[in-house]
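> coords below, sequence missing:
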(Lines give C-alpha, C1' and ligand atoms only; values in the text may rest on other atoms or scores of the structure.)
Protein backbone atom coordinates (compact mmCIF):
# COMPACT_ATOMS: atom_id res chain seq x y z
CA UNK A 1 0.00 0.00 0.00
CA UNK A 2 1.24 3.47 -0.93
CA UNK A 3 1.95 5.89 1.93
CA UNK A 4 3.41 9.38 1.56
CA UNK A 5 3.81 12.18 4.11
CA UNK A 6 5.23 15.64 3.70
CA UNK A 7 5.16 19.13 5.16
CA UNK A 8 5.42 22.57 3.57
CA UNK A 9 4.78 26.24 4.26
CA UNK A 10 2.36 28.16 2.08
CA UNK A 11 0.16 31.23 1.92
CA UNK A 12 -3.61 31.06 2.43
CA UNK A 13 -5.43 32.51 -0.58
CA UNK A 14 -9.07 33.06 -1.42
CA UNK A 15 -10.74 32.01 -4.66
CA UNK A 16 -13.82 34.09 -5.44
CA UNK A 17 -15.29 31.71 -7.99
CA UNK A 18 -18.83 30.32 -8.17
CA UNK A 19 -17.96 28.27 -5.06
CA UNK A 20 -15.67 30.61 -3.05
CA UNK A 21 -13.12 28.89 -0.85
CA UNK A 22 -9.71 29.28 0.82
CA UNK A 23 -6.70 27.27 -0.35
CA UNK A 24 -2.97 26.81 0.11
CA UNK A 25 -0.84 25.78 -2.87
CA UNK A 26 1.47 22.76 -2.65
CA UNK A 27 5.02 23.77 -3.73
CA UNK A 28 6.27 22.65 -7.15
CA UNK A 29 8.63 19.93 -5.85
CA UNK A 30 5.95 18.19 -3.77
CA UNK A 31 3.41 18.66 -6.57
CA UNK A 32 5.76 16.75 -8.90
CA UNK A 33 5.95 13.91 -6.35
CA UNK A 34 2.15 13.89 -6.16
CA UNK A 35 1.83 13.76 -9.95
CA UNK A 36 4.02 10.63 -10.01
CA UNK A 37 1.70 8.77 -7.61
CA UNK A 38 -1.62 10.34 -8.62
CA UNK A 39 -2.59 7.46 -10.92
CA UNK A 40 -2.48 5.08 -7.96
CA UNK A 41 -4.43 7.26 -5.53
CA UNK A 42 -6.79 9.56 -7.46
CA UNK A 43 -10.52 8.94 -7.50
CA UNK A 44 -11.02 10.97 -10.66
CA UNK A 45 -10.35 14.41 -12.16
CA UNK A 46 -6.85 14.23 -10.64
CA UNK A 47 -8.21 14.71 -7.11
CA UNK A 48 -6.12 13.04 -4.38
CA UNK A 49 -7.67 12.18 -0.99
CA UNK A 50 -5.48 13.22 1.97
CA UNK A 51 -5.39 13.78 5.70
CA UNK A 52 -4.26 17.35 6.26
CA UNK A 53 -3.09 19.18 9.35
CA UNK A 54 -2.44 22.79 10.19
CA UNK A 55 -1.40 23.44 13.77
CA UNK A 56 -3.41 21.12 16.00
CA UNK A 57 -6.31 20.78 13.53
CA UNK A 58 -6.53 17.66 11.36
CA UNK A 59 -9.12 17.00 8.65
CA UNK A 60 -9.85 14.88 5.59
CA UNK A 61 -9.92 16.60 2.22
CA UNK A 62 -8.82 16.17 -1.37
CA UNK A 63 -6.08 17.95 -3.27
CA UNK A 64 -7.16 19.63 -6.51
CA UNK A 65 -4.85 19.92 -9.53
CA UNK A 66 -4.43 23.57 -10.61
CA UNK A 67 -1.91 25.15 -13.00
CA UNK A 68 0.50 22.20 -12.83
CA UNK A 69 0.47 22.04 -9.03
CA UNK A 70 -1.99 20.92 -6.35
CA UNK A 71 -4.05 23.03 -3.96
CA UNK A 72 -5.32 22.15 -0.49
CA UNK A 73 -8.81 23.40 0.42
CA UNK A 74 -8.86 24.85 3.96
CA UNK A 75 -12.29 24.55 5.62
CA UNK A 76 -13.86 27.38 7.61
CA UNK A 77 -13.70 25.23 10.78
CA UNK A 78 -9.93 24.82 10.34
CA UNK A 79 -9.42 28.53 9.70
CA UNK A 80 -11.47 29.39 12.78
CA UNK A 81 -9.75 26.84 15.04
CA UNK A 82 -6.28 27.96 13.96
CA UNK A 83 -7.17 31.68 13.60
CA UNK A 84 -6.09 31.73 9.94
CA UNK A 85 -6.81 34.64 7.60
CA UNK A 86 -6.19 35.21 3.91
CA UNK A 87 -2.49 35.97 3.34
CA UNK A 88 -1.27 34.08 6.43
CA UNK A 89 1.67 31.70 5.97
CA UNK A 90 0.87 28.28 7.45
CA UNK A 91 2.68 24.97 7.83
CA UNK A 92 0.67 22.18 6.22
CA UNK A 93 1.21 18.47 6.83
CA UNK A 94 -0.24 16.04 4.31
CA UNK A 95 -0.62 12.28 4.53
CA UNK A 96 -1.63 10.19 1.53
CA UNK A 97 -2.55 6.51 1.79
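Structure received. These numbers were taken from a predicted model, which means no experiment stands behind them.
> so residue 84 touches residue 57, yeah?
No: using C-beta atoms under 8 Å, residue 84 makes no contact with residue 57, being 9.3 Å away. Just so you know, the C-beta spots here come from the backbone N, C-alpha and C atoms, and that holds for glycine as well.
> shared neighbours, these two?
Overlap of the contact sets of residue 84 and residue 57 (by C-beta atoms under 8 Å, 6 or more residues apart in numbering) consists of residue 78.
> compare those two and say which is more crowded by neighbours.
Higher neighbour count among residue 84 and residue 57: residue 84, with 20 against 16, using other C-beta atoms under 10 Å.
> confidence score at the more buried one?
With respect to pLDDT, residue 84 scores 96.
> the chain should start at 56 in everything you say after this.
All set: I'll call the first residue 56, so the last point we hit is now residue 139.
> for the residue positioned nearest the centre of the chain, list the residues it contacts.
Among the residues of the chain, the one closest to the centroid is residue 127, at 2.1 Å (C-alpha atoms, centre = their mean). Residue 127 makes contact with 65, 78-81, 105, 107, 116, 118, 147, 149, according to C-beta under 8 Å, 6+ apart.
> among these, which lie within strands?
The strands, defined by DSSP state E, take in 65, 78-80, 105, 107, 116, 118, 147, 149 from the contacts of residue 127.
> save those residues as JSON lines, and put in neighbour count too.
Output for the ones in strands among the contacts of residue 127, formatted as JSON lines (neighbours: other C-beta atoms under 10 Å):
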{"residue": "65", "neighbour count": "20"}
{"residue": "78", "neighbour count": "19"}
{"residue": "79", "neighbour count": "22"}
{"residue": "80", "neighbour count": "18"}
{"residue": "105", "neighbour count": "24"}
{"residue": "107", "neighbour count": "21"}
{"residue": "116", "neighbour count": "17"}
{"residue": "118", "neighbour count": "25"}
{"residue": "147", "neighbour count": "21"}
{"residue": "149", "neighbour count": "21"}
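> for those residues, which one is nearest residue 88?
residue 149 (10.5 Å; C-beta to C-beta).
> buried ones in the lengthiest helix in the chain?
Longest helix of the chain, by residue count under DSSP state H: helix 83-96. In terms of neighbour count (16 or more other C-beta atoms under 10 Å), helix 83-96 has its buried residues at 85-86, 89, 93, 96.
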